[in-house]
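Colleague: Starting from these lines, generate the structure:
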Amino acid sequence: MDYQLLLPLALQASEAAAEKILEVYHSGNFQAEAKGDNSPVTLADKQAHEVITGILQVSGLPVISEEGKTIPYEERKHWEHFWMVDPLDGTKEFLKRNGEFTVNIALIRQGVPVLGVVLVPVTGDIYFGAEGAGAFVKRMQITSKLGHRLPIDLQQPGLRVVASRSHMNDETRAFIQSLKQPSLVSQGSSLKFMLLAENKADVYPRYAPTMEWDTAAAHAILHEVGMKVYHLGRGNEELLYNKETLLNPYFLVR
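Modeller: Okay, the predicted model is just below:
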């Protein structure tokens, strides 16, 4: 399968979703409600889901979306390729109107993300990458290749750590305290990962729940700059996708 042929489709879907999201964002009519897990969902989430799945269906590949219906593991475990979508990542940021939310579209092959698009509706920035093709950011209509990151040593001083100052838990605090002269940087949604992709941060410890659709697209992009998303406590194992439960384990990006 030629992932570079599927990339334009994912980009088209993300841009169409961003238009729908911005329409709702600027209207102020969010129609927010709580889902079963108490997380918020808005009209923008639902409309973005509809437009993305409509465009991606041209590929003939199945789609797992945060806002789609639950697909039994017995059915999806046989999928070799499928799309993993978060139509609006950072709904809480959307409701705060701070601009730090994204559209995430990934292609998964046998549990591994091989293509990713992360689009920021408010700025128009688009991050994208596909296996073997590198990773890029398109900003102000100019596309630039993202540079390769060298492996970091957790013992080196001055590491830039992605962490929230306002939502710091004990495990994250302990990790930061184990470093030498770290500095903290923060963003909402999958923009946390893009700080690493653009060499604005060095390490991202995540000791809090995330779902597979929160990380898949960014994970594919990070692969193309030489970074990995490690399953904490499992040595060099990375996160895998399409598990029986779609909840991610804790992880470390470096």
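Colleague: for residue 162, phi and psi?
Modeller: phi -80, psi 110 (degrees, to the nearest 10).
Colleague: Which residue, other than its chain neighbours, is closest to it?
Modeller: Once flanking residues are discounted, residue 162 sits nearest to residue 204: 3.9 Å by CB to CB, 6 or more residues apart in numbering. The C-beta positions use only the backbone N, C-alpha and C, and glycine is treated the same way.
Colleague: so the one you found sits right up against residue 250, yeah?
Modeller: No. Judged on CB atoms under 8 Å, residue 204 makes no contact with residue 250 at a distance of 11.4 Å.
Colleague: The two: which has the busier surroundings?
Modeller: residue 204 (22 against 16; other CB atoms under 10 Å).
Colleague: secondary structure class for that one?
Modeller: strand (DSSP: H, G, I helix; E, B strand; the rest coil).
Colleague: longest helix of this structure?
Modeller: helix 3-27 (DSSP state H).
Colleague: Following element in sequence after it, please.
Modeller: strand 33-34 (DSSP states H and E).
Colleague: one step back: other SSEs contacting the longest helix of the chain?
Modeller: The elements that helix 3-27 packs onto, with contact taken as 3 or more CB pairs under 8 Å, 6 or more residues apart in numbering; DSSP states H and E, are helix 43-56, strand 81-89, strand 102-109, strand 112-119, strand 126-130.
Colleague: ok, the last one: who's next to it in the sheet?
Modeller: Put plainly, it is strand 126-130. Taking DSSP bridges as the criterion, strand 126-130 forms sheet pairs with strand 112-119 (antiparallel), strand 134-139 (antiparallel).
Colleague: how far off strand 102-109 does the longest one point, in degrees?
Modeller: For strand 112-119 and strand 102-109, the angle between their directions (axes from the mean of the first three to the mean of the last three CA atoms, to 10 degrees) works out to 160 degrees.
Colleague: now what about strand 112-119, what contacts it?
Modeller: 3, 6-7, 10-11, 13-15, 17-18, 84, 102-108, 125-131, 190-191, 193-194, 216-221, 223, 240-241 (CB atoms under 8 Å, 6 or more residues apart in numbering).
Colleague: Much appreciated, bye for now.
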